[in-house]
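S.K.: compute the structure for the input listed below.
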Amino acid sequence: MFSRRRLLQAGAGAVPAIALGARPASAAVAEPLTTGVVPSAMAGFDKAMKTFITERDISCAQLAVAKNGKILLARGYGFYSKPGAPIVRVQPTSLFRVASLSKNITAAAIVRLVQDGKLTLGAKVASVLGLSTTADPRLANVTLWRLLQHLGGWDSSVSGDPLWNDYTISASLDAPLPISHADIIKYVTARKLDFDPGTKYAYSNYGYMLAGRIIEKVSGTSYESYVRQKLLAPAGITRPRLGRSLRSEAFSTEVTYASKYTHKSVVDQSGAVVPYPYGGFNMPNQDANGGWLASAVDLVKWGFVFNAAGPVLNATSISRIFAKPETGVTAGGSWYGLGWNVRDNNAGGLNTWHTGSMPGTYSFLARVQNGVSYCAIFNRREEEGTLDFDAIDPILGAAIGTVKTWPTTDLAPKYF
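M.R.: Below you'll find the model as predicted:
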């Protein structure tokens, strides 16, 4: 359905370790424990997920499916445990790190500020944030449109991803770990862009991190508070929150994350080698580009915000979010809007989707033709290059065809 991109390119220095949070060996091939509701007419979705989970030895997962604004399936798969606590089954409402599914939240927050007359999408990022353009005058040409459509001039394949480059930035600035948003911005602003803004697409976590700082400056409140008050609460969604780095800081309903890799801690000066999902990267710094925790039902309901004008976004805002960029569409006919991948569908509308990936997380959210939407989240991602997690897209797409008659019972009252 779309061309994918690995979010994390900073894993080269990671070393294998025993997978934290992995399924016990005795349960590796067993059908996963489940919670939640799966109508019999939608058993094809459940069967597909169980096969996917078992093949990849995933210990925690979720799936939610909706049609025409009603949540019809909500499922938790597997279990997890925390030190000194009993084993817990994954619930449909358990919290997962969702990585870059955070980007459509951030883009919507910018558009909401525009809707409320606080900003324009043509505003220059350097002007709004007071960034120096001395190192590269082209920075003055980065608008909010370009920032959110990944046309800003930063290309991680050329200069690296500063959201995953803590040690280099710390050494360059002589700044102690953990580094801050301000440190990252200071480091990047002192360097040249990788291309002329507006001339090509290059996925940029840094661009979305900057968007978070714009939200804070213009709104006068924290990024998280603005999103929860102006976007999530009016949509009737209360569970999502920003994640934390360490396992000891996890929320009570948050799953554990699995990775075979370890990494030097970036959250302190100890130099300790830690499980990659727990201190190998700095979750607070990821906030606007990949820091949210949510459940699959939360994200499917969040997707309803983009169906039609409502208390969060008006029709103009929604059209802006899915507008084609100045660079046009890809050879495959898709484009990146504001926080969403987009393409025309066979029903005269738009398919919109996004993936998220970081050590210990893989997530996928899609809104497709005939009012169907779905979200799947897992507590690990592909690390060995054998079983592609991106395969969840065509697998869930095929499951739509197994539904002969769609149920009509809305599960939202059960989970919200």
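S.K.: okay, CA-based contacts and neighbour counts for the rest of this
M.R.: Fine.
S.K.: wait, residue 299 touches residue 365, no?
M.R.: Yes - between residue 299 and residue 365 there is a contact under C-alpha atoms under 8 Å: 7.4 Å.
S.K.: joint contacts of these two?
M.R.: residue 375 (C-alpha atoms under 8 Å, 6 or more residues apart in numbering).
S.K.: return the distance of the nearest residue to residue 238 once chain neighbours are set aside relative to residue 290.
M.R.: Closest residue in space to residue 238, ignoring its immediate chain neighbours: residue 232 at 6.5 Å, by C-alpha to C-alpha, 6 or more residues apart in numbering. When distance is defined by C-alpha to C-alpha, to the nearest Å, residue 232 is 17 Å away from residue 290.
S.K.: if I look at the residue nearest to residue 372 when sequence neighbours are not counted, how far off is residue 312?
M.R.: Using C-alpha to C-alpha, 6+ apart and skipping the chain neighbours, the partner closest in space to residue 372 is residue 67 (4.4 Å). Using C-alpha to C-alpha, one gets 20 Å for the distance from residue 67 to residue 312.
S.K.: with residue 339 instead?
M.R.: 16 Å.
S.K.: could you pull out the helices for this protein?
M.R.: 43-55, 102-115, 125-129, 144-148, 156-159, 166-173, 181-189, 205-219, 223-227, 287-290, 296-304, 315-321, 392-400, 412-415 (DSSP state H).
S.K.: just the buried residues of the first one, please?
M.R.: The neighbour-count criterion (16 or more other C-alpha atoms under 10 Å) identifies 44-46, 49-50, 52-54 as the buried residues of helix 43-55.
S.K.: so who does residue 65 touch?
M.R.: Contacts of residue 65 by C-alpha under 8 Å, 6+ apart are 71-74, 297, 300, 372-375.
S.K.: one more time with 7 Å, if that's ok
M.R.: 71-74, 373-375 (C-alpha atoms under 7 Å, 6 or more residues apart in numbering).
S.K.: residues in a beta bridge with the closest residue to it other than its chain neighbours, which ones?
M.R.: Distances taken as C-alpha to C-alpha, 6+ apart place residue 374 nearest to residue 65, at 4.3 Å, with adjacent residues excluded. Note on residue 374: beta-bridge partners residue 65, residue 366, judged by DSSP bridges.
S.K.: mind starting the numbering at 58 from now?
M.R.: In the new numbering, first residue 58, that becomes residue 431.
S.K.: residue 431 reaches residue 422, doesn't it?
M.R.: Yes - Residue 431 is within contact range of residue 422, at 5.9 Å (criterion: C-alpha atoms under 7 Å).
S.K.: apart from its chain neighbours, what residue comes closest to the residue of the chain most remote from its centre?
M.R.: The C-alpha centroid of the chain is most remote from residue 191, which lies 32.6 Å away (C-alpha atoms, centre = their mean). Spatially, and ignoring its direct neighbours in sequence, residue 191 is nearest to residue 247 (7.8 Å; C-alpha to C-alpha, 6+ apart).
S.K.: JSON lines for the helices of the chain, including distance to residue 313 and mean pLDDT?
M.R.: Converted to JSON lines, the helices of the chain look like this (distance: least, C-alpha to C-alpha, whole Å; pLDDT from 0 to 100):
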{"stretch": "helix 100-112", "distance to residue 313": "16", "mean pLDDT": "97"}
{"stretch": "helix 159-172", "distance to residue 313": "19", "mean pLDDT": "98"}
{"stretch": "helix 182-186", "distance to residue 313": "36", "mean pLDDT": "98"}
{"stretch": "helix 201-205", "distance to residue 313": "31", "mean pLDDT": "98"}
{"stretch": "helix 213-216", "distance to residue 313": "29", "mean pLDDT": "98"}
{"stretch": "helix 223-230", "distance to residue 313": "23", "mean pLDDT": "98"}
{"stretch": "helix 238-246", "distance to residue 313": "26", "mean pLDDT": "98"}
{"stretch": "helix 262-276", "distance to residue 313": "24", "mean pLDDT": "98"}
{"stretch": "helix 280-284", "distance to residue 313": "22", "mean pLDDT": "98"}
{"stretch": "helix 344-347", "distance to residue 313": "17", "mean pLDDT": "98"}
{"stretch": "helix 353-361", "distance to residue 313": "16", "mean pLDDT": "98"}
{"stretch": "helix 372-378", "distance to residue 313": "33", "mean pLDDT": "98"}
{"stretch": "helix 449-457", "distance to residue 313": "21", "mean pLDDT": "97"}
{"stretch": "helix 469-472", "distance to residue 313": "21", "mean pLDDT": "98"}
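S.K.: so for residue 325, which of those helices sits nearest?
M.R.: If you check each of the helices of the chain against residue 325 by C-alpha to C-alpha, helix 223-230 wins as the nearest, at 10.9 Å.
S.K.: residues of the closest one that come out buried?
M.R.: Within helix 223-230, the residues scored as buried using 16+ other C-alpha under 10 Å are 223-224, 226-227.
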